[in-house]
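A.B. asks: The sequence and its predicted three-dimensional model are supplied below.
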Amino acid sequence: MQSPSAMPLPGCSPSPSLPLTDFNYGADEYDAEGNEEPKALPEGSETMPYIDESPTMSPQLSARGQESGDGVSPTPTDGLGTGGERDAGKGLEMRKLVLSGFLASEEIYINQLEALLLPMKPLKATATTSQPVLTLQQIETIFYKIQDIYEIHKEFYDNLCPKVQQWDSNVTMGHLFQKLASQLGVYKAFVDNYKIALETAEKCSQSNYQFQKISEELKVKGPKDSKESHTSVTMEALLYKPIDRVTRSTLVLHDLLKHTPADHPDYPLLQDALRISQNFLSSINEDIDPRRTAVTTPKGETRQLVKDGFLVELSEGSRKLRHVFLFTDVLLCAKLKKTAVGKHQQYDCKWYVPLADLVFPSPEESEHCPQVHVIPDHELEDMKMKISAIKSEVQKEKANKGQSRAIERLKKKMFENEFWLLLNSPAIPFRIHNRNGKSYLFLLSSDYERSEWREAIQKLQKKDLQAFVLSSVELQVLTGSCFKLRTVHNIPVTSNKDDDESPGLYGFLHVIVHSAKGFKQSANLYCTLEVDSFGYFVSKAKTRVFRDTTEPQWNEEFEIELEGSQSLRILCYEKCYDKTKLNKDNNEIVDKIMGKGQIQLDPQAVQTKNWHMDVIEMNGIKVEFSMKFTSRDMSLKRTPSKKQTGVFGVKISVVTKRERSKVPYIVRQCIEEVEKRGIEEVGIYRISGVATDIQALKAVFDANNKDILVMLSDMDINAIAGTLKLYFRELPEPLLTDRLYPAFMEGIALSDPAAKENCMMHLLRSLPDPNLITFLFLLEHLKRVAEKEPINKMSLHNLATVFGPTLLRPSEVESKGHLTLASDIWSHDVMAQVQVLLYYLQHPPISFTELKRNTLYFSTDV
């Protein structure tokens, strides 16, 4: 089969909007505490076939919340589909990128269907012999409609491929997508048969060893340009692929429409195809949702699995990774048992609570629960650095076509590190109490996730539930069903992601939270923003509280660092001012969640210079926001100011000479204000200030406005801290200079303490006086901030992580020569930059006079 020649650049995601259900994390070889186990399941496990067409998948794919009759809601302010601000050439290029990525994933999908069909012919041939592997009826059930689906997609691929290869403004392909959508009836038949196909395949595997061997390792041909010729995937995983494919196709249609002018002949055809696809998704979700989620107890009661997932439990003083299963009447906490190779894996029940007996203790009632031991931020940051460094090594090995064993060793090490991070990073308590006795404590990294679990349990508790005690046989049956019923197969680490999956975004996401409407009564309202990185979600920004309103107008801008992120979550809260509800535990969140929503960060949609405006719907509330993305390599650039007035982007020597000062006025004033009222602020310098406030402060400092001091005293302290960081980041060359940067990198790598001391002090002495005096001034300030670590949670290491790259990162001219992968630069250079600043922060006080007086015997050439 021909692979399209006009493919995206290596490293681009083949599909712009990968649904979360397609991830394969490959964690079955570890038990719940992270101990290595013999691998019992082949890779390729998939999640439950539930196609999510809610706003968590994509804000415009919700068939339930459509306002327009045609089911298509392009982005409101970009003028997409009408030309708007985008020129025709840009739209044409974007469509080609979307189609090229889709073709690449279509090739993989066709190869998967081929692999599924491969054993069908020999199985049919043996069916009529005296020793059949399967009967004809079983074969027909398991492989139902696969041949038809294969032929549909093979024809679609063969027709689309030459069009993309010969791409220009005259090419049309809407009719191909319209035809593909019109054939979804075949998929409906496949979905209707899906449950029985899986059950038949499972029964046949249990009763026939030959079929079991076939179904465990089907060989999928690699893409044409891939060095891997084949990969092994289970039959169960491949049978799920057609269901997943409908979602992928729908997302691609959505992206194509965004970049197709309304007067283009393809536009109405794509619109029609999207409408058909969305209606199809809505209809089959109702059918699929309850499938493979029911279990019957010996008493004949039907229990359905509502939700499951991996959570960290604090048990006997240590963190344990558990798989938690929420059934219609019981919450069950389990871990995978260790099993020998070839043995069927089973769960071991740690505890269960009937929902009739389950209560959520309020903060003041949770005193008897164990307190949360929080891992220091610097340890978590260190581990992230290690993981990023290993990722870079894996990329280099793949680029150099290194040995697969070396790559596997690196991946294994990366998995161990990611597992540690997953286990140790959560700190938000989720407490569960059995009214008949024991309490349990889970730790989550995301309030969004905690809210989802709490809401799912409370929804079930509205029904008439009875308390009960499971007999040992009933508990065994229920626990035994968990392995088959689970919808989350593997822990969320990135180590074993398929090569065709998006690596996520690295860089900075700028988000403006504009406003919200839909509240029924006035309240004190604010929003928080969460993004995923390293397999879990973390809160990154928070708006101010808008008091006593039903229509808050925040209009606040935030800069959020992305580390392989794929999703953005927005949570809207009502602020709680009742002091009796506030808990001593710093990580307890008592404010009420009014609504929450999630969107996919599609690289092609956000990776533009223009703002992209959107609306996210949550619980009847609509939150309006805008975002744009800056890749990490772009954010590494220092851009000198073209004007010599002002202070931002102007050489520090020019500013100090003009001001007749030793330390720039902006540095002195910001530090003074932080020490006056922000030194005990939790997360000072780490938490983002509001971008619009920072820009306002930048403007008054640049204009040398007489109202600077008044403005500083009224401004949010995080905005002042952010202004200081921005000043150093926008210097035309780093404070520690481009010339000395290579020497700082070499000095920090020295092993001998005496040699390192001599070198690092000599390098400081080599700095121009304004740079050195300003650096020492900042150094003493940061040490004073770190003295308040018990209150502000900012250690020397945390401060070094924030300021190291800001003070050392080379300017554009210097860094141009060794720009490779953005993540590669980040993991290696940033680690060294942090270590340089940390060295000076941990050093006894350094005096400018003493430093200049103590000359060294060796040459001052650097």
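C.D. replies: Received, thanks. Numbers count the residues shown, from 1 in each chain.

A.B. asks: Ranking helices and strands of the protein by mean pLDDT, which lands last?
C.D. replies: For the chain, using mean pLDDT, DSSP states H and E, the weakest element among its helices and strands is helix 812-815, scoring a mean of 50.

A.B. asks: And what about I390, helix, strand or coil?
C.D. replies: Classification of I390 using DSSP: H, G, I helix; E, B strand; the rest coil returns helix.

A.B. asks: For it, the count of nearby residues, please.
C.D. replies: I390 is flanked by 21 other residues according to other C-beta atoms under 10 Å. Bear in mind the C-beta positions are built from the backbone N, C-alpha and C, glycine included.

A.B. asks: dump the residue contacts of it.
C.D. replies: Counting by C-beta atoms under 8 Å, 6 or more residues apart in numbering, I390 touches 410, 413-414, 417.

A.B. asks: Please repeat the previous calculation with a cut-off of 10 Å.
C.D. replies: Counting by C-beta atoms under 10 Å, 6 or more residues apart in numbering, I390 touches 410-418, 495, 827.

A.B. asks: Same check on T172?
C.D. replies: Going by C-beta under 10 Å, 6+ apart, T172 touches 163, 264-266, 269.

A.B. asks: try I407
C.D. replies: Going by C-beta under 10 Å, 6+ apart, I407 touches 393-394, 397-398.

A.B. asks: returning to what we had before: hmm, which two among the contacts of I390 are most spread apart?
C.D. replies: K412 and S827 (18.3 Å; C-beta to C-beta).

A.B. asks: if we can go back for a sec, among the contacts of I407, which are in strands?
C.D. replies: Per DSSP state E, strands hold no members of the contacts of I407.

A.B. asks: Name the nearest residue to S713, sequence neighbours excluded.
C.D. replies: Nearest residue to S713 in three dimensions, chain neighbours excluded: E673, at 7.4 Å (C-beta to C-beta, 6 or more residues apart in numbering).

A.B. asks: Measure how buried the one you found is and give me the count.
C.D. replies: With other C-beta under 10 Å as criterion, E673 counts 19.

A.B. asks: Beyond the strand or helix carrying it, next helix or strand please.
C.D. replies: Here E673 sits within helix 665-677, counting by DSSP states H and E. Using DSSP H and E, the helix or strand that follows helix 665-677 towards the C-terminus is helix 691-703.

A.B. asks: What residue spans form the domains of the chain?
C.D. replies: Domain assignment for the chain by the TED database gives 88-288, 294-370+427-496, 375-423, 505-635, 643-856.

A.B. asks: distance between the last one and the chain's centre?
C.D. replies: Relative to its chain's centre, domain 643-856 lies at 29 Å (C-alpha atoms, centre = their mean, to the nearest Å).

A.B. asks: how distant is the helix or strand where P162 lies from the center of its chain?
C.D. replies: P162 belongs to helix 146-165 when assigned by DSSP H and E. In terms of C-alpha atoms, centre = their mean, the gap separating the centre of helix 146-165 from the centre of its chain is 32 Å.

A.B. asks: Now do that helix: which elements does it pack against?
C.D. replies: In this structure, helix 146-165 packs against helix 88-117, helix 174-182, helix 184-207, helix 235-258, with contacts taken as 3 or more C-beta pairs under 10 Å, 6 or more residues apart in numbering; DSSP states H and E.

A.B. asks: Pick the most deeply packed of the ones you listed.
C.D. replies: Comparing these on average neighbours per residue, with mean count of other C-beta atoms under 10 Å, the densest one is helix 235-258 at a mean of 23.

A.B. asks: what angle do that helix and helix 146-165 make?
C.D. replies: Counting by axes from the mean of the first three to the mean of the last three C-alpha atoms, to 10 degrees, helix 235-258 lies at 40 degrees to helix 146-165.

A.B. asks: who does helix 235-258 touch, helix- and strand-wise?
C.D. replies: helix 88-117, helix 146-165, helix 174-182, helix 184-207, helix 209-216, strand 218-221, helix 266-288, helix 603-606.

A.B. asks: Using PDB, write out every CA atom in stretch 434-450.
C.D. replies: Taking Å, rounded to 0.1, in the frame of the first residue of the first chain, the C-alpha atoms of stretch 434-450 are listed here in PDB:
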ATOM      1  CA  ASN A 434     -17.400   4.300  56.200                       C
ATOM      2  CA  ARG A 435     -20.000   5.400  58.700                       C
ATOM      3  CA  ASN A 436     -19.500   1.900  60.400                       C
ATOM      4  CA  GLY A 437     -15.800   2.400  61.000                       C
ATOM      5  CA  LYS A 438     -12.700   3.100  59.000                       C
ATOM      6  CA  SER A 439     -11.700   6.200  57.000                       C
ATOM      7  CA  TYR A 440      -9.600   6.200  53.900                       C
ATOM      8  CA  LEU A 441      -7.400   8.900  52.300                       C
ATOM      9  CA  PHE A 442      -6.600   9.200  48.600                       C
ATOM     10  CA  LEU A 443      -4.300  11.900  47.300                       C
ATOM     11  CA  LEU A 444      -5.100  13.500  43.900                       C
ATOM     12  CA  SER A 445      -3.200  16.100  41.900                       C
ATOM     13  CA  SER A 446      -6.300  17.700  40.400                       C
ATOM     14  CA  ASP A 447      -9.400  19.100  42.000                       C
ATOM     15  CA  TYR A 448     -11.200  18.400  38.700                       C
ATOM     16  CA  GLU A 449     -10.600  14.700  39.200                       C
ATOM     17  CA  ARG A 450     -11.600  14.800  42.900                       C
END
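
A.B. asks: How about it, which residues are buried there?
C.D. replies: Using 16 or more other C-beta atoms under 10 Å as the test for burial, stretch 434-450 gives 434, 439-450.

A.B. asks: Distance of the closest residue in space to A127 that isn't next to it in sequence relative to L238?
C.D. replies: Closest residue in space to A127, ignoring its immediate chain neighbours: L136 at 4.8 Å, by C-beta to C-beta, 6+ apart. Distance, L136 to L238, using C-beta to C-beta, to the nearest Å: 21 Å.

A.B. asks: For the strand or helix carrying V324, give the mean pLDDT please.
C.D. replies: Element membership for V324, per DSSP H and E: strand 318-327. Averaging pLDDT along strand 318-327 gives 94.

A.B. asks: which other helices and strands contact that strand?
C.D. replies: On a contact count with 3+ C-beta pairs under 10 Å, 6+ apart, strand 318-327 meets strand 302-315, strand 330-336, strand 347-354, helix 404-424, strand 439-444, helix 447-461, helix 472-485.
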